[in-house]
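Asks: Next come a sequence and a model predicted from it.
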Amino acid sequence: MNISLRFPLRLATALLVCLPAAWVAWLTVPGSVQAKPAVVEAEPALGEEWVRVSKDENGDPTALEVAIVRYLPAKLAKQYRQAKPTADLPPARQYVDLIGAVHVGDSSYYTQLNRRFRQYQALLYELVAPPGTRVERGRGTSNLHPVGALQNSMKSLLEVEHQLEQVDYTRPNFVHADMSPEEFASSMSNRNESFMQMYTRMMGQAIALQTEQAAQGESTDFELFTAMFSEDRPRMLKTAIAKQFQSMESVLTGMSGPEGSTLITERNKRALEVLRKQLRSGKQKIGIFYGAGHLTDMHERLVKDFGYEPVGIVWLEAWNLREKP
(Lines give C-alpha, C1' and ligand atoms only; values in the text may rest on other atoms or scores of the structure.)
Protein backbone atom coordinates (compact mmCIF):
# COMPACT_ATOMS: atom_id res chain seq x y z
CA MET A 1 0.00 0.00 0.00
CA ASN A 2 1.66 3.25 -1.09
CA ILE A 3 1.70 6.57 0.75
CA SER A 4 -1.15 8.00 -1.34
CA LEU A 5 -3.42 5.27 0.02
CA ARG A 6 -2.07 5.27 3.56
CA PHE A 7 -2.23 9.01 4.17
CA PRO A 8 -6.05 9.25 4.32
CA LEU A 9 -5.90 7.13 7.49
CA ARG A 10 -3.86 9.80 9.25
CA LEU A 11 -5.94 12.61 7.77
CA ALA A 12 -9.16 10.96 8.94
CA THR A 13 -7.68 10.39 12.39
CA ALA A 14 -6.70 14.04 12.71
CA LEU A 15 -10.20 15.10 11.68
CA LEU A 16 -11.73 12.95 14.40
CA VAL A 17 -9.68 14.51 17.21
CA CYS A 18 -9.10 18.05 16.00
CA LEU A 19 -11.47 19.60 13.49
CA PRO A 20 -14.84 20.96 14.60
CA ALA A 21 -17.71 18.56 14.92
CA ALA A 22 -19.29 20.48 12.05
CA TRP A 23 -16.66 22.44 10.13
CA VAL A 24 -19.18 24.83 8.63
CA ALA A 25 -22.45 24.57 10.51
CA TRP A 26 -23.96 27.33 8.41
CA LEU A 27 -24.19 24.91 5.49
CA THR A 28 -27.03 23.18 7.28
CA VAL A 29 -30.10 24.87 8.55
CA PRO A 30 -30.04 25.90 11.60
CA GLY A 31 -17.71 4.79 28.50
CA SER A 32 -19.31 1.97 29.12
CA VAL A 33 -18.67 -0.91 31.56
CA GLN A 34 -15.59 -2.85 30.55
CA ALA A 35 -15.60 -6.64 30.32
CA LYS A 36 -12.18 -6.97 31.94
CA PRO A 37 -9.63 -4.61 33.48
CA ALA A 38 -7.67 -2.40 31.09
CA VAL A 39 -3.92 -2.61 31.22
CA VAL A 40 -2.17 0.65 30.39
CA GLU A 41 1.54 1.39 30.32
CA ALA A 42 3.28 4.01 32.51
CA GLU A 43 0.99 6.94 33.17
CA PRO A 44 2.06 10.30 31.70
CA ALA A 45 1.68 13.51 33.68
CA LEU A 46 -1.82 14.97 33.82
CA GLY A 47 -2.52 17.06 30.74
CA GLU A 48 0.03 15.30 28.55
CA GLU A 49 -2.18 12.54 27.10
CA TRP A 50 -5.78 12.88 26.00
CA VAL A 51 -6.42 9.77 23.94
CA ARG A 52 -5.17 6.26 24.62
CA VAL A 53 -5.73 2.65 23.62
CA SER A 54 -6.32 0.39 26.62
CA LYS A 55 -5.35 -3.28 26.45
CA ASP A 56 -6.25 -6.45 28.29
CA GLU A 57 -3.85 -8.76 30.10
CA ASN A 58 -2.93 -10.39 26.79
CA GLY A 59 -1.97 -7.08 25.23
CA ASP A 60 -4.97 -6.99 22.91
CA PRO A 61 -6.68 -3.59 22.38
CA THR A 62 -9.95 -3.29 24.29
CA ALA A 63 -10.97 0.35 23.86
CA LEU A 64 -10.10 3.79 22.57
CA GLU A 65 -10.44 6.06 25.59
CA VAL A 66 -10.65 9.85 25.88
CA ALA A 67 -9.68 11.82 28.98
CA ILE A 68 -11.46 14.29 31.22
CA VAL A 69 -8.94 16.21 33.35
CA ARG A 70 -9.99 18.39 36.31
CA TYR A 71 -8.19 21.66 37.08
CA LEU A 72 -8.35 23.64 40.31
CA PRO A 73 -6.99 27.08 41.22
CA ALA A 74 -3.45 26.60 42.52
CA LYS A 75 -4.39 27.19 46.18
CA LEU A 76 -7.18 24.62 46.09
CA ALA A 77 -4.99 22.19 44.17
CA LYS A 78 -2.36 22.36 46.90
CA GLN A 79 -4.96 21.68 49.59
CA TYR A 80 -6.27 18.63 47.72
CA ARG A 81 -2.79 17.21 47.22
CA GLN A 82 -2.06 17.60 50.94
CA ALA A 83 -5.31 15.79 51.72
CA LYS A 84 -4.32 12.97 49.32
CA PRO A 85 -7.76 12.60 47.73
CA THR A 86 -8.68 9.26 46.19
CA ALA A 87 -11.34 10.43 43.72
CA ASP A 88 -10.45 10.40 40.03
CA LEU A 89 -12.07 13.84 39.72
CA PRO A 90 -11.94 15.28 43.25
CA PRO A 91 -14.98 17.37 44.25
CA ALA A 92 -14.39 21.05 44.76
CA ARG A 93 -16.33 24.31 45.00
CA GLN A 94 -14.54 25.60 41.88
CA TYR A 95 -13.05 23.69 38.97
CA VAL A 96 -12.58 23.57 35.21
CA ASP A 97 -12.72 20.24 33.38
CA LEU A 98 -11.11 19.77 29.97
CA ILE A 99 -13.25 17.14 28.24
CA GLY A 100 -11.70 15.49 25.21
CA ALA A 101 -13.88 14.67 22.22
CA VAL A 102 -13.65 12.42 19.22
CA HIS A 103 -16.31 13.41 16.74
CA VAL A 104 -17.60 9.91 16.01
CA GLY A 105 -17.95 7.30 18.73
CA ASP A 106 -20.06 4.56 20.27
CA SER A 107 -23.51 5.60 21.45
CA SER A 108 -22.55 4.65 25.03
CA TYR A 109 -19.76 7.24 24.90
CA TYR A 110 -22.22 10.04 24.18
CA THR A 111 -24.64 8.72 26.79
CA GLN A 112 -21.88 9.10 29.38
CA LEU A 113 -21.05 12.60 28.17
CA ASN A 114 -24.67 13.79 28.22
CA ARG A 115 -25.00 12.55 31.79
CA ARG A 116 -21.79 14.24 32.91
CA PHE A 117 -22.60 17.53 31.16
CA ARG A 118 -25.52 18.11 33.53
CA GLN A 119 -23.15 18.72 36.47
CA TYR A 120 -21.63 21.90 35.01
CA GLN A 121 -22.93 25.40 35.57
CA ALA A 122 -21.51 26.16 32.12
CA LEU A 123 -20.43 23.68 29.43
CA LEU A 124 -18.32 25.44 26.78
CA TYR A 125 -18.35 23.75 23.38
CA GLU A 126 -16.68 24.05 20.00
CA LEU A 127 -18.53 24.76 16.78
CA VAL A 128 -17.40 27.07 13.99
CA ALA A 129 -20.77 28.69 13.44
CA PRO A 130 -22.47 32.10 13.43
CA PRO A 131 -23.37 33.63 16.81
CA GLY A 132 -26.73 32.40 18.02
CA THR A 133 -26.68 29.17 16.01
CA ARG A 134 -28.92 26.61 17.68
CA VAL A 135 -27.78 23.01 17.35
CA GLU A 136 -30.90 20.88 17.19
CA ARG A 137 -30.41 17.46 18.70
CA GLY A 138 -29.99 14.72 16.11
CA ARG A 139 -29.25 17.21 13.37
CA GLY A 140 -25.97 15.67 12.18
CA THR A 141 -23.54 17.36 9.84
CA SER A 142 -23.83 18.18 6.17
CA ASN A 143 -22.26 16.25 3.30
CA LEU A 144 -22.00 19.56 1.43
CA HIS A 145 -18.63 20.19 3.06
CA PRO A 146 -15.75 17.68 2.57
CA VAL A 147 -15.01 17.44 6.29
CA GLY A 148 -18.64 16.71 7.09
CA ALA A 149 -18.76 14.17 4.28
CA LEU A 150 -15.62 12.47 5.58
CA GLN A 151 -16.92 12.32 9.14
CA ASN A 152 -20.22 10.88 7.91
CA SER A 153 -18.34 8.30 5.84
CA MET A 154 -16.27 7.34 8.89
CA LYS A 155 -19.46 6.99 10.90
CA SER A 156 -20.85 4.54 8.38
CA LEU A 157 -17.62 2.63 7.83
CA LEU A 158 -16.86 2.19 11.54
CA GLU A 159 -20.50 1.71 12.60
CA VAL A 160 -20.39 4.49 15.18
CA GLU A 161 -22.45 7.60 15.94
CA HIS A 162 -21.80 11.26 15.14
CA GLN A 163 -21.30 13.75 17.95
CA LEU A 164 -23.79 16.30 16.62
CA GLU A 165 -26.50 13.64 16.47
CA GLN A 166 -25.94 12.34 19.99
CA VAL A 167 -24.89 15.26 22.22
CA ASP A 168 -27.76 17.34 23.59
CA TYR A 169 -26.64 20.89 22.75
CA THR A 170 -30.07 22.28 23.66
CA ARG A 171 -29.44 22.17 27.41
CA PRO A 172 -29.46 25.63 29.05
CA ASN A 173 -25.93 25.32 30.47
CA PHE A 174 -24.33 24.93 27.00
CA VAL A 175 -22.26 27.97 25.94
CA HIS A 176 -20.84 28.46 22.46
CA ALA A 177 -17.07 29.04 22.75
CA ASP A 178 -15.72 29.16 19.21
CA MET A 179 -15.26 31.41 16.20
CA SER A 180 -17.81 32.34 13.60
CA PRO A 181 -17.03 31.32 10.00
CA GLU A 182 -16.15 34.94 9.17
CA GLU A 183 -13.78 35.18 12.12
CA PHE A 184 -12.17 31.89 11.19
CA ALA A 185 -11.62 32.99 7.60
CA SER A 186 -10.29 36.39 8.72
CA SER A 187 -7.83 34.76 11.11
CA MET A 188 -6.55 32.44 8.41
CA SER A 189 -6.11 35.40 6.08
CA ASN A 190 -4.26 37.43 8.72
CA ARG A 191 -1.95 34.49 9.34
CA ASN A 192 -1.47 33.85 5.62
CA GLU A 193 -2.85 30.35 6.11
CA SER A 194 -4.73 28.18 3.64
CA PHE A 195 -6.36 24.79 3.71
CA MET A 196 -3.84 23.59 1.13
CA GLN A 197 -1.01 24.68 3.42
CA MET A 198 -2.60 22.81 6.30
CA TYR A 199 -3.06 19.70 4.16
CA THR A 200 0.53 19.85 2.91
CA ARG A 201 1.91 20.15 6.44
CA MET A 202 -0.17 17.22 7.59
CA MET A 203 1.00 15.09 4.68
CA GLY A 204 4.64 15.94 5.35
CA GLN A 205 4.32 15.06 9.01
CA ALA A 206 2.43 11.86 8.20
CA ILE A 207 5.14 10.74 5.78
CA ALA A 208 7.81 11.41 8.39
CA LEU A 209 5.93 9.37 11.00
CA GLN A 210 5.34 6.49 8.61
CA THR A 211 9.02 6.47 7.70
CA GLU A 212 9.89 6.35 11.39
CA GLN A 213 7.46 3.49 11.97
CA ALA A 214 8.89 1.56 9.03
CA ALA A 215 12.41 1.96 10.45
CA GLN A 216 11.14 0.42 13.69
CA GLY A 217 9.58 -2.47 11.83
CA GLU A 218 6.02 -1.22 12.36
CA SER A 219 3.36 -0.70 9.71
CA THR A 220 -0.40 -0.35 9.54
CA ASP A 221 -0.53 -1.66 5.97
CA PHE A 222 -1.22 -5.27 6.89
CA GLU A 223 -3.80 -4.31 9.52
CA LEU A 224 -5.66 -2.12 7.05
CA PHE A 225 -5.57 -4.73 4.30
CA THR A 226 -6.77 -7.43 6.68
CA ALA A 227 -9.47 -5.18 8.12
CA MET A 228 -10.95 -4.29 4.74
CA PHE A 229 -11.60 -7.95 3.94
CA SER A 230 -12.55 -9.08 7.42
CA GLU A 231 -16.05 -10.19 8.42
CA ASP A 232 -15.46 -8.00 11.50
CA ARG A 233 -14.42 -5.02 9.37
CA PRO A 234 -15.79 -2.14 11.52
CA ARG A 235 -13.99 -3.32 14.67
CA MET A 236 -10.78 -4.13 12.80
CA LEU A 237 -10.74 -0.71 11.14
CA LYS A 238 -11.50 1.00 14.46
CA THR A 239 -8.57 -0.84 16.02
CA ALA A 240 -6.17 0.18 13.22
CA ILE A 241 -7.28 3.81 13.36
CA ALA A 242 -7.27 3.91 17.17
CA LYS A 243 -3.58 3.02 17.17
CA GLN A 244 -2.89 6.09 15.04
CA PHE A 245 -4.27 8.39 17.70
CA GLN A 246 -1.15 7.82 19.75
CA SER A 247 0.97 9.74 17.20
CA MET A 248 -1.58 12.44 16.36
CA GLU A 249 -0.03 15.02 18.73
CA SER A 250 3.09 15.30 16.56
CA VAL A 251 0.98 15.49 13.39
CA LEU A 252 -1.11 18.34 14.81
CA THR A 253 1.99 20.17 16.07
CA GLY A 254 3.59 19.89 12.67
CA MET A 255 0.40 21.04 10.99
CA SER A 256 0.19 24.17 13.13
CA GLY A 257 3.86 25.16 12.84
CA PRO A 258 5.93 27.06 15.41
CA GLU A 259 3.59 30.07 15.40
CA GLY A 260 0.47 28.05 16.03
CA SER A 261 -2.57 28.09 13.78
CA THR A 262 -6.11 29.33 13.47
CA LEU A 263 -7.34 25.74 13.68
CA ILE A 264 -5.84 25.14 17.12
CA THR A 265 -4.28 28.25 18.65
CA GLU A 266 -6.76 30.98 17.75
CA ARG A 267 -9.84 28.87 18.44
CA ASN A 268 -8.38 27.89 21.82
CA LYS A 269 -7.81 31.55 22.63
CA ARG A 270 -11.45 32.25 21.85
CA ALA A 271 -12.64 29.36 24.01
CA LEU A 272 -10.60 30.60 26.96
CA GLU A 273 -11.88 34.16 26.47
CA VAL A 274 -15.35 32.70 26.98
CA LEU A 275 -14.07 30.79 30.01
CA ARG A 276 -12.79 34.01 31.56
CA LYS A 277 -16.19 35.66 31.04
CA GLN A 278 -17.97 32.71 32.64
CA LEU A 279 -15.65 32.84 35.66
CA ARG A 280 -16.24 36.58 36.03
CA SER A 281 -19.99 36.00 35.92
CA GLY A 282 -19.72 33.76 38.97
CA LYS A 283 -19.77 30.31 37.36
CA GLN A 284 -17.56 27.95 39.36
CA LYS A 285 -18.11 24.50 37.87
CA ILE A 286 -17.21 24.67 34.20
CA GLY A 287 -16.48 22.11 31.50
CA ILE A 288 -14.79 22.73 28.14
CA PHE A 289 -15.78 20.16 25.52
CA TYR A 290 -13.34 20.31 22.61
CA GLY A 291 -11.64 17.96 20.18
CA ALA A 292 -8.85 16.07 21.95
CA GLY A 293 -6.26 17.58 19.60
CA HIS A 294 -6.91 21.00 21.16
CA LEU A 295 -6.34 20.08 24.76
CA THR A 296 -2.57 20.01 25.17
CA ASP A 297 -2.48 23.69 24.18
CA MET A 298 -5.48 24.44 26.42
CA HIS A 299 -3.77 22.68 29.32
CA GLU A 300 -0.72 24.91 28.94
CA ARG A 301 -2.87 28.05 28.83
CA LEU A 302 -4.93 27.06 31.87
CA VAL A 303 -1.74 26.55 33.87
CA LYS A 304 0.13 29.63 32.61
CA ASP A 305 -2.63 32.20 32.11
CA PHE A 306 -5.25 31.15 34.67
CA GLY A 307 -3.12 29.70 37.45
CA TYR A 308 -5.01 26.40 37.46
CA GLU A 309 -3.39 23.00 38.06
CA PRO A 310 -4.53 19.51 37.03
CA VAL A 311 -5.54 17.31 39.97
CA GLY A 312 -7.41 14.32 38.56
CA ILE A 313 -8.35 12.36 35.48
CA VAL A 314 -11.03 9.94 34.33
CA TRP A 315 -11.08 8.01 31.06
CA LEU A 316 -14.23 7.45 29.02
CA GLU A 317 -14.52 4.62 26.53
CA ALA A 318 -15.21 6.12 23.10
CA TRP A 319 -14.75 3.02 20.94
CA ASN A 320 -15.21 -0.58 21.98
CA LEU A 321 -12.42 -2.59 20.32
CA ARG A 322 -13.14 -5.98 21.90
CA GLU A 323 -13.92 -9.02 19.82
CA LYS A 324 -17.53 -10.09 19.92
CA PRO A 325 -18.03 -13.21 22.06
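Replies: Nice, thanks for sending it over.
Asks: Test my guess that residue 242 contacts residue 317.
Replies: No. Assessed by Cβ atoms under 8 Å, residue 242 is found out of contact with residue 317, at 11.2 Å. Backbone N, C-alpha and C define where each C-beta goes, glycine included.
Asks: Would you state the helices of the stretch 151-300 of the chain in chain order?
Replies: 163-166, 181-190, 195-215, 221-228, 233-244, 248-256, 267-280, 295-306 (DSSP state H, counting those that start in this stretch).
Asks: What are the buried residues along the fifth one?
Replies: Read it as helix 233-244. 235, 236, 237, 238, 239, 240, 241, 242, 243, 244 (16 or more other Cβ atoms under 10 Å).
Asks: ok, for the first one, nearest residue in space, not its chain neighbours?
Replies: Read that as residue 235. Leaving aside its sequence neighbours, residue 235 sits nearest to residue 321 (Cβ to Cβ, 6 or more residues apart in numbering; 6.4 Å).
Asks: who's in contact with that neighbour?
Replies: Applying Cβ atoms under 8 Å, 6 or more residues apart in numbering, we find residue 321 in contact with 53, 61, 62, 63, 64, 235, 238, 239, 242.
Asks: Tabulate these in TSV, adding columns for pLDDT and distance to residue 286.
Replies: Formatted as TSV, those follow (pLDDT from 0 to 100; distance: Cβ to Cβ, whole Å):
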residue	pLDDT	distance to residue 286
53	92	29
61	91	33
62	94	31
63	94	27
64	93	26
235	78	36
238	81	32
239	82	34
242	80	29
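Asks: per-stretch mean pLDDT over the helices of the stretch 151-300 of the chain, give me the minimum one.
Replies: Across the helices of the stretch 151-300 of the chain, helix 248-256 has the smallest mean pLDDT, namely a mean of 57.
Asks: Quick check: chain neighbours aside, which residue is closest to residue 174?
Replies: Using Cβ to Cβ, 6+ apart, the closest residue to residue 174 is residue 123 (5.2 Å).
Asks: hang on, that neighbour packs against residue 176?
Replies: No. Judged on Cβ under 8 Å, residue 123 makes no contact with residue 176 at a distance of 10.4 Å.
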